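A.B. asks: One predicted model, sequence on top.
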Amino acid sequence: MRLRTFRLAVWAAATLFLSAASALSVEDTPFTGNFGGSSGRVCSGGIHIRAKTLEWISTYRICKSSSYDVVERDASGQYPRIVFRIKNRSRQCGLEIFELAQADAHIGQWEATAYPSMEAYLKRDQPGWVDSQAPERQALSCMMFDMNR
């Protein structure tokens, strides 16, 4: 009886450990990719996300390669979503928060949205922010395609 209880306890501990390890590895795995714009001059160019740096080069914004923090990450649903906060933005960039959400997995389409500040990102759905003409409230949004597909 004791041996059976011991084996059950070992099995339960091993299962918990493996579950925790696999969950950690998914969250700790850096999100990387190269995404190209598809519509108009504003979105021409691309986003390059590497293990430690992010860069968005377009006609009107030049966000040079900068280190980042991951603010949010949700890979649990049908459409993965990740939000980055760049640490050292270049003068020509003017953007701090970058949100990338998969729009269509079949064709590798992602919606990329950039916000000038954390405040603009947090208030993005509030009335008065969504349609504001004030520069500190305006977001840049582009449909992008995964260039690594």
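C.D. replies: Received the coordinates, thanks. Note that the structure is predicted; figures quoted are calculated from it, not measured. Numbers count the residues shown, from 1 in each chain.
A.B. asks: Mind listing the residues bridging to R81?
C.D. replies: Beta-bridge pairing of R81 under DSSP bridges involves D74, A101.
A.B. asks: and the gap between it and L100?
C.D. replies: 7 Å (Cβ to Cβ, to the nearest Å). For the C-beta atoms, the positions are set from N, CA and C on the backbone; glycine is no exception.
A.B. asks: burial count for R149?
C.D. replies: Using other Cβ atoms under 10 Å, R149 is surrounded by 9 other residues.
A.B. asks: Next, find the distance separating it from W110.
C.D. replies: 11 Å.
A.B. asks: quick one: low-confidence ranges for this protein?
C.D. replies: Residue ranges of the chain with pLDDT under 70: 1-28, 38-39.
A.B. asks: Walking through the chain, point out its helices one by one.
C.D. replies: With DSSP state H as the criterion, the chain has helices at 2-28, 40-43, 118-122.
A.B. asks: Can you give me every residue that contacts G94?
C.D. replies: R61, P116 (Cβ atoms under 8 Å, 6 or more residues apart in numbering).
A.B. asks: So it versus D74, what's the distance?
C.D. replies: 26 Å.
A.B. asks: Just give me how far stretch 56-75 sits from the chain centre.
C.D. replies: On the basis of Cα atoms, centre = their mean, to the nearest Å, stretch 56-75 sits 8 Å off its chain's mean C-alpha point.
A.B. asks: Contact partners for the residue nearest the centre of the chain?
C.D. replies: Residue closest to the average C-alpha location in the chain (Cα atoms, centre = their mean): I82, at 2.5 Å. Shown in contact with I82 (Cβ under 8 Å, 6+ apart): F31, V70, E72, R73, D74, A75, E99, L100, A101.
A.B. asks: can you check D69 too?
C.D. replies: F84, R85, K87.
A.B. asks: which ones are touching the first one?
C.D. replies: Remark: with contacts taken as Cβ under 8 Å, 6+ apart, F84 is in contact with I49, L54, Y68, D69, V70, V71, I97, F98, E99, L100.
A.B. asks: and those, which are buried?
C.D. replies: I49, L54, Y68, I97, F98, E99, L100 (16 or more other Cβ atoms under 10 Å).
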